[in-house]
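Asker: Based on what follows, work out the 3D shape:
(one chain, ligands or ions: 1)
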Amino acid sequence: MSRIHWILYFIGALLETVFRLVGILFWSFLPSLKRKSICQEIVLITGGGHGIGREIALAFAHHKPKHIVIWGRKKSYLDETASLISKLGVSCLPMICDVSCAEDICVKAEEVSNRVGSVSILVNNAGVVFGKQLLDTSDSDILQTFRVNTLAHLYTIKQFLPSMIENRRGHLVSINSILGMVGLRGATDYCSSKFASSGISASLCQELEDYPDIHVTSVHPYQVNNDMFSGVTIRFPWLFPILTEEYVAQKTVNAVLVNKKQILLPRIWYFIVWMQSLLPVSTLLPVLKFTGAATCMETFHKPSSTLQPSVQHSTAQHTKTH
Ligand SMILES: NC(=O)c1ccc[n+]([C@@H]2O[C@H](COP(=O)([O-])OP(=O)(O)OC[C@H]3O[C@@H](n4cnc5c(N)ncnc54)[C@H](OP(=O)(O)O)[C@@H]3O)[C@@H](O)[C@H]2O)c1
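Answerer: Alright, predicted model coming up:
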């Protein structure tokens, strides 16, 4: 290519960037005009039996999709959520599926297709955390963290994306974390699994450029007031208020309805992540110490009530009680 072609190419890319930015700003002021209907969609939520996953299922149910499928390991939680969804007038299929097991994902995905049809909104929400410094974390816990928080995303997407492409309609949602953008002492395996799953969403945004009707949404919440990060507190809670499951669920569904690619919750994290990318790493360490973020995982404890044994599979790992 000649120099003049490169210059024209550059100007074209710049204009397209500005055009897209103006479009995003415009629609962010008028989201209701862009909101899509999901009444023909089949939604599948991993880890939909309780926690944020249950709230996401209920938030979707208010928009009356055709069907909601929830996956999890504990039948009683799944049945409870399914009955709450049914009360909202939406049919729900609760299924036991251990997403740490690739074979189980494969078998259950086929069962979903046979029983309710092609999933068109896939929400990868299931997640685990063990909350130890790397040298204290067992290899099986590292493996389980990556199986649930990362590999399950790849395997479920591989199961459901082909029919989305065929039907020219789909949405891949990933419940990542602020810890998929910012590291945390005492959660190295969790953070790295979330950085990896954030990378899946970022890459798929590019891989799916040629499919304008298939969307990707990556959700990055800060700490939520449930058992997952039980005992974890930082010094200035008024500056970083802990979120509710309902808030995260509502924001997730809103983002899906307007095809937003990425959200950070709460908004202050856009600024913090931006600052992190500008400042040298060593300058951030005193800030982490001052806010108590550097030591917050020292008070982390996993409540025994939340520890569920995995469903038995030849390849599945079992969550350990610490
Ligand atoms: N809580 C927070 O502070 C926070 C902050 C940022 C991001 N997140 C992310 O939000 C997502 C939901 O977490 P949460 O706060 O709702 O935690 P939670 O209450 O502990 O729920 C975790 C969910 O994952 C499911 N799950 C775990 N292992 C599974 C497996 N092997 N197979 C199938 N399902 C499995 C659980 O279902 P079963 O028990 O039925 O297996 C449960 O529904 C996670 O990805 C988490 O990383 C949480």
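Asker: hey, where'd the helices end up in the stretch 1-150 of the chain?
Answerer: 3-29, 31-34, 51-61, 75-87, 102-115, 139-146 (DSSP state H, counting those that start in this stretch).
Asker: Those: which one's closest to L208?
Answerer: With Cβ to Cβ as the criterion, L208 lies closest to helix 3-29 of those, at 15.7 Å. From N, CA and C alone the C-beta is placed, and that goes for glycine too.
Asker: residues contacting the nearest residue to Y222 once chain neighbours are set aside?
Answerer: Nearest non-adjacent residue to Y222, counting by Cβ to Cβ, 6 or more residues apart in numbering: I178, 4.8 Å away. Going by Cβ atoms under 8 Å, 6 or more residues apart in numbering, I178 touches H220, P221, Y222, L264, L265, W269, V273.
Asker: The third one contacts F240, doesn't it?
Answerer: Yes - using Cβ atoms under 8 Å, Y222 is in contact with F240, at 6.4 Å.
Asker: what about the lengthiest strand in the chain and the ligand, any contact?
Answerer: Assignment by DSSP state E gives strand 214-221 as the longest strand of the chain. Yes - Strand 214-221 lies within reach of the ligand by Cβ under 6 Å from any ligand atom, at P221.
Asker: next helix or strand past that strand?
Answerer: Remark: after strand 214-221, the chain's next helix or strand is helix 245-257, criterion DSSP states H and E.
Asker: partners of whichever helix or strand comes after that next one in the sheet?
Answerer: Sequence order places strand 262-265 as the next helix or strand after helix 245-257, per DSSP H and E. Strand 262-265 has its sheet partners listed here by DSSP bridges as strand 214-221 (parallel).
Asker: can you state the direction angle for the strand it pairs with and helix 245-257?
Answerer: Interaxial angle, strand 214-221 versus helix 245-257 (axes from the mean of the first three to the mean of the last three Cα atoms, to 10 degrees): 160 degrees.
Asker: ok, which residues in the stretch 51-200 of the chain are in contact with the ligand?
Answerer: So far as Cβ under 6 Å from any ligand atom goes, the stretch 51-200 of the chain lies against the ligand at 51-53, 71-74, 77, 98-100, 125-128, 148, 175, 177.
Asker: what's stretch 286-304 in contact with?
Answerer: Outside stretch 286-304, the residues touching it (Cβ under 8 Å, 6+ apart) are 129-131, 184-187, 227, 229-236, 239-240, 285, 321-322.
Asker: quick one: average pLDDT of it?
Answerer: The pLDDT scores in stretch 286-304 average 84.
Asker: again, but for stretch 144-151
Answerer: Across stretch 144-151, pLDDT averages out at 98.
Asker: What lies in contact with that stretch?
Answerer: Counting contacts by Cβ under 8 Å, 6+ apart, the residues outside stretch 144-151 that touch it are 99-102, 126-130, 189-190, 193-194, 196-197, 200, 317-319.
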